[in-house]
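1. Pasting the sequence and the predicted coordinates here, then a few questions.
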Amino acid sequence: MSSYAITGASKGLGREFVRQLATDPNNTVLAIVRNPESPGVSELASQYANVHLIAGDVTDPKSILNAASAAAAITGGKLDVLIHNSNAVDAATMSFNPSQFPFDSEATRAMFEPSLTTAIYGGLWTTNAFLPLIEKGVQKKIVHISSAMAEVDLIRGTGISYGVAYSVAKAGMNVQIAKYAAELAPRGIKVLGLSPGWVDTWEGEKPSAVVEGDAFMLKQFQTIAPSLEGQIQPEESVAKSIQVIANMDDESSGLLLSHNGNRENWF
C-alpha cells in the first residue's frame, strides 16, 4: 500500500495524477486543493473511496502546514510520495520577452510573483510541511513538477525568449530540488524535478489567440524535435510520469527528468 499527496489537484495534471493513482485501491491519495468543493476533484472523491480531499494553499505557510497535519491524521503520520504540482503564471505577460519588462518595480514584481510564489516559496513550504511524513514513509520520494522551459539548451535551441517569469521560477525550482536532494540523501529521501512534457491542459474550447500561440510554439519546438506533431494529453503525460516516479533512485535524485525518464526527449 502506497500513499501519495498531490498539490494543485483541482484541475489539469494534478487532477489526472489523483485519478490515475486512485485506480489502484491499495493507494491512499491525498488531493491538496484550495477549495475541496472544486467540481472536478470532488467528483473523483465521490467515485473513489481512497481519495481524500484536503484544503491547502501552497502560497500560505499556515495553510499548507494545516494540510500536512490533516494528511498525517489520515495516513497515520507517514507519506510515501509528495508531488508538488501547483503552478501559476501572470498570463497577461507570458508573451513578454525580457526586454519588454517595464522600469517599474511594483509592476515587475507582480509579473514574477505568481510563478515565484508557487514554484519557489510554495515548493519550500510544501516540502518542509510534509517532510516529517515522508521521513516515516516507505518510498521516501518528493517530486516537484517543473519544466524543460527552464533548460538553457532548450531555450537556445528553440529561440523561445518569452515565458520569462515562468522559466526563471522553474529554473530556481530545479536548483532548489538539487539542494534538497543533497541535504536529504543521508536520510534516504529522494527528490526529483519532473517535466511533464508539452501537455494540453486547456479545458473547453481554446480561444483563437491560444490556438495561434500553440502553433507558433510548435514550430519553435520542431527546430529541436522535427517529428513533434503537437501537445500530448494529460492521460499520457501522467501515466509516463508515474512510471518515472516509480523508477526514482539515488542516481536520479536531484535531477530534472522528462516524463520519458531522460534528459533528452522533453516532448
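-> Alright, I've got the coordinates.
2. Quick check: Pro2 vs Asp24, distance?
-> Just so we're on the same page, residue 2 is Ser rather than Pro. 8 Å (C-beta to C-beta, to the nearest Å). The C-beta positions use only the backbone N, C-alpha and C, and glycine is treated the same way.
3. swap that for Arg156, please
-> Applying C-beta to C-beta, the value for Arg156 to Asp24 is 41 Å.
4. And Gln220, by the same measure?
-> From Gln220 over to Asp24 (counting by C-beta to C-beta), the distance is 38 Å.
5. Show me which of those two is the more surrounded one.
-> Between Gln220 and Asp24, Gln220 has the larger neighbour count (other C-beta atoms under 10 Å), namely 15 against 12.
6. Who are the packing partners of the helix or strand containing the more buried one?
-> For Gln220, the host element (DSSP states H and E) is helix 208-221. Helix 208-221 sits against no helix or strand, with contacts defined as 3 or more C-beta pairs under 8 Å, 6 or more residues apart in numbering; DSSP states H and E.
7. buried stuff in that helix?
-> Residues Met217, Leu218, Phe221 are the ones in helix 208-221 that count as buried (16 or more other C-beta atoms under 10 Å).
8. Could you list the alpha-carbon positions for the least confident helix or strand in the chain by mean pLDDT in PDB?
-> None of the helices or strands of the chain scores lower by mean pLDDT, DSSP states H and E than helix 39-47, at a mean of 93. Extracted in PDB, the C-alpha atoms of helix 39-47 (Å, rounded to 0.1, in the frame of the first residue of the first chain):
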ATOM      1  CA  PRO A  39     -16.200  20.100  -9.200                       C
ATOM      2  CA  GLY A  40     -13.600  18.000 -11.000                       C
ATOM      3  CA  VAL A  41     -11.800  16.700  -8.000                       C
ATOM      4  CA  SER A  42     -14.800  16.400  -5.700                       C
ATOM      5  CA  GLU A  43     -16.300  14.100  -8.300                       C
ATOM      6  CA  LEU A  44     -13.200  11.900  -8.100                       C
ATOM      7  CA  ALA A  45     -13.500  11.800  -4.300                       C
ATOM      8  CA  SER A  46     -17.100  10.600  -4.600                       C
ATOM      9  CA  GLN A  47     -16.100   8.000  -7.200                       C
END
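9. Please name every helix or strand in contact with it.
-> With contacts defined as 3+ C-beta pairs under 8 Å, 6+ apart, the packing partners of helix 39-47 are helix 12-22, strand 28-33, strand 51-55.
10. quick one: that helix to strand 28-33, angle?
-> Here the directions of helix 39-47 and strand 28-33 differ by 150 degrees (axes from the mean of the first three to the mean of the last three C-alpha atoms, to 10 degrees).
11. mind starting the numbering at 139 from now?
-> Let's use 139 as the start, then, which means that last one is helix 177-185.
12. How far does helix 177-185 sit from its chain's centre?
-> In terms of C-alpha atoms, centre = their mean, to the nearest Å, the centre of helix 177-185 is set 20 Å apart from its chain centre.
13. ditto for stretch 273-288
-> On C-alpha atoms, centre = their mean, the centre of stretch 273-288 falls 9 Å from the chain's centre.
14. In that stretch, which residues are buried?
-> Quick answer for stretch 273-288 (16+ other C-beta under 10 Å): 275, 277-288.
15. Out of those residues, which two sit at the greatest distance?
-> Largest separation among the buried residues of stretch 273-288 by C-beta to C-beta: Gly275 and Met287, giving 30.5 Å.
16. show me where the chain has strands.
-> In the chain, the strands defined using DSSP state E lie at 141-145, 166-171, 189-193, 219-222, 279-283, 328-333, 394-396.
17. Could you dump those strands into JSON lines with mean pLDDT added?
-> What follows is the strands of the chain, written out as JSON lines (pLDDT from 0 to 100):
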{"stretch": "strand 141-145", "mean pLDDT": "98"}
{"stretch": "strand 166-171", "mean pLDDT": "98"}
{"stretch": "strand 189-193", "mean pLDDT": "98"}
{"stretch": "strand 219-222", "mean pLDDT": "99"}
{"stretch": "strand 279-283", "mean pLDDT": "98"}
{"stretch": "strand 328-333", "mean pLDDT": "98"}
{"stretch": "strand 394-396", "mean pLDDT": "98"}
